[in-house]
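Visitor: Got a predicted model here, sequence first, then my questions.
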Amino acid sequence: MNPTENMNSTRYHTLNQAQKEAVFHRDGPALIIAGPGSGKTRVITERIANLIREDNIRPWNILAITFTNKAAKEMQNRVNEILGDESRGLAIGTFHAMCARILRQFGEPIGIASDFVIYDTDDTESLVKSIMKELNTPDRFKPRQIRNRISTLKTMERTQDSAYRLGSDSYLDDLSINIKNIYDARLRRANAVDFDDLLNLTHTLLTEFEHSASFILDRFEHVLVDEFQDTNLVQYEIARALAQKSRNLVVVGDDDQSIYSWRAADIENFHRLIADFPEAKTINLDQNYRSTGHILEAAQIIINKNSGRTEKNLWTDNSQGAPVQLLTSSTADEEAWFVANEIRKHQNSPNVKENGFGVLYRTNAQSRAIEDALISNGIPYRLVGGTRFYDRKEIKDIVAYLRLIQNEHDIVAFQRVVNTPARGIGNKTLSMILQTATDTGTSPVAIAVKLVSEDAIPGIPSVTSRAKKAIQLFTSVYEHLASMRDTNNVPQLIDAVVTKTGFRAYLNTLDKDQPDRSESRWENIEEFKNVAAQYNELEEETSLHLFLEQVALVSDVDQPENNEESVNVTLTTLHSAKGLEFPVVFLVGMEEGLLPHQRSFDDEQMMEEERRLCYVGITRAREQLYLTQSLTRYLYGRSTSGSTSRYLKDLQNAGIETSETPSAQSVTSTRSYNSSYTRKKYNLGNGLRESQIKTENSHHNDIEPFKAGDKVRHGRFGIGTVINIKQDGSDWEIQVAFESQGVRKLYQSFAQLSLQN
DNA sequence: ATACGAATTCTTTTT
DNA sequence: GAATTCGTAT
């Protein structure tokens, strides 16, 4: 027996039967259904290592696609741990990153230059906005809405028949298509692609330009896709194309953890896979190594209520553990203080200390109350999600300068920086420049340069001498920076942008009554320089566009963690919690309207996705799970009252063993909980808030807000007649027949109905 | 052209 | 309630 085999036998004997099957499965496609905590990552990494080590597959012939850059990095690290240097050349990355790489190298036949830039959601929204302005679109259409529709159109057009319709509003459809056409043309001219293009263009390249793409199509002997339930149709087809030759497509996923259908992820891909690869072997990883019996049981009660799932039989050898704890508080602050206090109590138990606490919520807005409570209690925490570092205004400004230096056709970047800091170039001058650029097919920068040159140019409107001076301020900065481009590295370029534009002074004027804020903006810029410097050291060939690509594709979740050891509390949305686990999990805001979110109420499919979100949240917990709700909460600056989430009720009805925390019971009857947790807060200056909640709360419950027959108005649905009204806990469930939208059930606390005469 | 205050919209989730 | 947009005055 050679040493390798020896090592491997010990290495593999801790795998269970199903895991071994997945690791050792060889020729042909496979579908691995991996329940939460079933050792999925280990299976994938062992499989890759095994392919390289035992089957002598060369690393660069293996492609592993993950959902986030963070997951990619983790996978890479874990393969490295097993193989060391032998893993060099392995292709691991997200769909978007992989597509960007392919397009840079092979995009030329489909008209994509190798130095294209990537527009993120923000950039595309500004582009849409300016197109809408040019077209004089009625204001009832919001750029955000149109942008989303364009994105949906772009995901659909590739794959469905060309006669697609988005909804019932055909005017809106036509408008969206119209704007989309202009939008696409502008992107191409700006040498830019958006997230959808990255996928679509790669798909086109792989399926319609096979000859040009043959290098890539022939390259991969094994293709692995992680988080398969989150892929959309185009992504699936890209994976299929890449695996067409070898047929070694192995996907790992769990339909119960599909939480991205709003981003066009499509569970149908499971069926497509089986149709396209009928020989695919299905492997079920159903042993859970993560959670206690109680937690797993709770998770199953929740998920079993969804229909159309693939049948599963999750089980665990772990002990039953502590019962799930429920807490009802009267305000969101109180809920937050409860969390903070429990964290303090458990903070020093050994296992928890190391691996920490997860506080999970449905919406980013909920983090604030938790943060306040943690700060007041001196508990350090890490916040994932929210605004991406690169999305901060000051960073985006600098990035826009860099982008414009790299590519003078980048209109969005031009619009952003031309008058930042303020130079006296107003709306009129700006739109004239943009219009002329569009008409003449040149870049806005070139127009600006011509405008300040001595003589009048035919075809270009003249400008006042004042405007000319303003433009000159811009062009001199631009020309200086552009001249540095080829001889300086990214950190040097950033420095130049900052000094040439007088950025520091600009920051001070930006928020002049809040020196703290401009200081923190400045720190962000320093941090940005550090990132650039690190990048500069890491990459041998450090071109500006590669750096910009990283800025566009890296999400907040992927950001370097602040590695202070004392930080063991993580605050995150349920979406970003995927793939994480904690000994102790708090799932907060278990209220109707939040979880499930109100926006999903009308749609059965969306409601099932909410349930899956809840399931994902519960299954993050290893030992202890807290589910908390608050009877009132601030929403849009207004105190609103909510009712117990149906998921909590499901658990209670199923009779699972739970324990209500003692303080929770006293909440409704006495004020003792209130005083111990909230008074500190009160002293911090939120007294007004507290009293507002109480008054609002007390009359919400008792007085029937409407009666049957009342005419009411709803913000979205318009005017209707109340058919029926009944009390549901502290809330009122109102049935309304709307004139245009039919009969709907609404909750008083969320619907914001007003009486109409 | 800008600065300041008023009005308005917004919050689901993110590669 | 905050952030963005709008309107008016300088």
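Guide: That came through fine. Residues are numbered from 1 along each chain as shown, chains lettered A, B, ... in the order given.

Visitor: Whatever residue of the stretch 351-500 of chain A ends up closest to DNA strand C: what's it in contact with?
Guide: Of the residues in the stretch 351-500 of chain A, the one nearest DNA strand C is residue A:393, at a distance of 7.1 Å by CB to the nearest atom of the strand. All C-beta atoms are positioned from the backbone trio N, CA, C, and that covers glycine. For residue A:393, the contacting residues are residue A:521, taking CB atoms under 8 Å, 6 or more residues apart in numbering as the criterion.

Visitor: so what's residue A:16 closest to, chain neighbours aside?
Guide: Distances taken as CB to CB, 6 or more residues apart in numbering put residue A:287 closest to residue A:16, at 5.7 Å, once the chain neighbours are dropped.

Visitor: next one: residue A:441
Guide: Leaving aside its sequence neighbours, residue A:441 is closest to residue A:189 (7.7 Å, by CB to CB, 6+ apart).

Visitor: neighbours of that neighbour, just the number please.
Guide: Applying the criterion other CB atoms under 10 Å, we find 15 residues in the vicinity of residue A:189.

Visitor: Just confirm it contacts residue A:408, I think it does.
Guide: No. The criterion here is CB atoms under 8 Å, and residue A:189 misses it with residue A:408 at 11.6 Å.

Visitor: top helix in chain A by residue count?
Guide: The residue-count maximum for a helix in chain A (DSSP state H) belongs to helix A:515-538.

Visitor: Can you name the residues in contact with that helix?
Guide: Applying CB under 8 Å, 6+ apart, the set of residues contacting helix A:515-538 is A:389, A:392-395, A:398, A:489-491, A:494-495, A:498, A:503-504, A:507-508, A:510-512, A:542, A:547, A:550.

Visitor: Could you turn the buried ones of the residues you listed into a PyMOL selection?
Guide: Here is the PyMOL selection string for the buried members of these, based on 16 or more other CB atoms under 10 Å:
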select buried, chain A and resi 389+392+394+395+398+489+490+491+494+498+503+507+510+547+550
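
Visitor: Show me the contacts of helix A:515-538 that map onto helices.
Guide: With helices taken from DSSP H, the overlap with the contacts of helix A:515-538 comprises A:393-395, A:398, A:490-491, A:494-495, A:498, A:503-504, A:507-508, A:510, A:547, A:550.

Visitor: out of these, who's nearest DNA strand B?
Guide: Using CB to the nearest atom of the strand, residue A:510 is the member of the ones in helices among the contacts of helix A:515-538 that lies nearest DNA strand B, at 9.9 Å.

Visitor: and that closest one, what is it in contact with?
Guide: The contact partners of residue A:510, taken as CB under 8 Å, 6+ apart, are A:518, A:521.

Visitor: Would you mind confirming that residue A:213 is in contact with residue A:205?
Guide: Yes. Taking contacts as CB under 8 Å, residue A:213 lies within contact range of residue A:205: 5.1 Å.

Visitor: list residues touching both of those two?
Guide: Counting by CB under 8 Å, 6+ apart, the residues touching both residue A:213 and residue A:205 are A:102, A:106.

Visitor: buried sites along stretch A:90-107?
Guide: The neighbour-count check on stretch A:90-107 (16+ other CB under 10 Å) flags A:90-104, A:106-107 as buried.

Visitor: what does the strand or helix carrying residue A:97 contact?
Guide: Secondary-structure assignment from DSSP states H and E places residue A:97 in helix A:95-106. Judged by CB under 8 Å, 6+ apart, the contacts made with helix A:95-106 from elsewhere in the structure are A:63, A:65, A:69, A:72, A:91, A:93, A:112, A:114-116, A:118, A:193, A:195, A:198-199, A:201-202, A:205, A:212-213, A:215-216, A:231, A:235, A:238, A:549, A:553.

Visitor: State the phi and psi torsions of the residue of chain A found nearest DNA strand C.
Guide: Among residues of chain A, the one nearest DNA strand C by CB to the nearest atom of the strand turns out to be residue A:637. It sits 2.5 Å away. Note on residue A:637: backbone dihedrals following degrees, to the nearest 10 are phi 70, psi 10.

Visitor: interface residues of chain A facing DNA strand C?
Guide: A:129, A:139, A:634, A:636, A:637, A:638, A:689 (CB under 7 Å from any atom of the strand).

Visitor: Just the buried ones out of those residues, please.
Guide: A:129, A:634.

Visitor: Residue A:29: how many residues sit nearby?
Guide: Close neighbours of residue A:29, defined as other CB under 10 Å, add up to 22.

Visitor: Kind regards, and thank you for your time.
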